[in-house]
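1. missing the sequence, but the structure's below:
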């Protein structure tokens, strides 16, 4: 889920995770992520720090589909 959230950040044009506060209540982002509310910045940072290179590649391979 964290990878999908980062992809959404890139589409929105944000470069820092801290900028989540600007669109925390945006209904389009919440719907895209299938969430009721966005996770906190510290939760995202913790999840990213715990990921290993192989785990990131696996998540990308499972979540990225050709358009």
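-> Happy to help now that I have it. Since we're looking at a predicted model, the values are computed, not measured.

2. helix or strand: which one has residue 7?
-> If you go by DSSP states H and E, residue 7 is part of helix 2-12.

3. so how far is that helix from its chain's centroid?
-> In terms of CA atoms, centre = their mean, to the nearest Å, the centre of helix 2-12 is found 4 Å from the chain centre.

4. other SSEs contacting it?
-> Helix 2-12 is packed against helix 27-33, helix 41-50, helix 53-63, with contacts defined by 3 or more CB pairs under 8 Å, 6 or more residues apart in numbering; DSSP states H and E. (Glycine included, C-beta is placed from N, CA and C.)

5. weakest of the ones you listed in terms of mean pLDDT?
-> Mean pLDDT per stretch puts helix 53-63 lowest among the helices and strands packed on helix 2-12, at a mean of 65.

6. for burial, what's the neighbour tally of the nearest residue to residue 29 once chain neighbours are set aside?
-> Distances taken as CB to CB, 6 or more residues apart in numbering put residue 23 closest to residue 29, at 5.3 Å, once the chain neighbours are dropped. Neighbour count for residue 23, taken as other CB atoms under 10 Å: 16.

7. how about residue 19?
-> Neighbours of residue 19 (other CB under 10 Å): 14.

8. same check, this time on residue 2
-> As a burial measure, residue 2 scores 18 neighbours (other CB under 10 Å).

9. show me what contacts it?
-> By CB atoms under 8 Å, 6 or more residues apart in numbering, the contact list for residue 2 reads 44, 47-48, 51, 59.

10. which of those are buried?
-> Neighbour-count burial within these applies to residue 44; the criterion is 16 or more other CB atoms under 10 Å.

11. tell me which two in the contacts of residue 2 are the farthest apart.
-> 44 and 59 (13.8 Å; CB to CB).

12. excluding chain neighbours, what is closest to residue 12?
-> In space, residue 12 is closest to residue 23, 6.4 Å off (CB to CB, 6+ apart).
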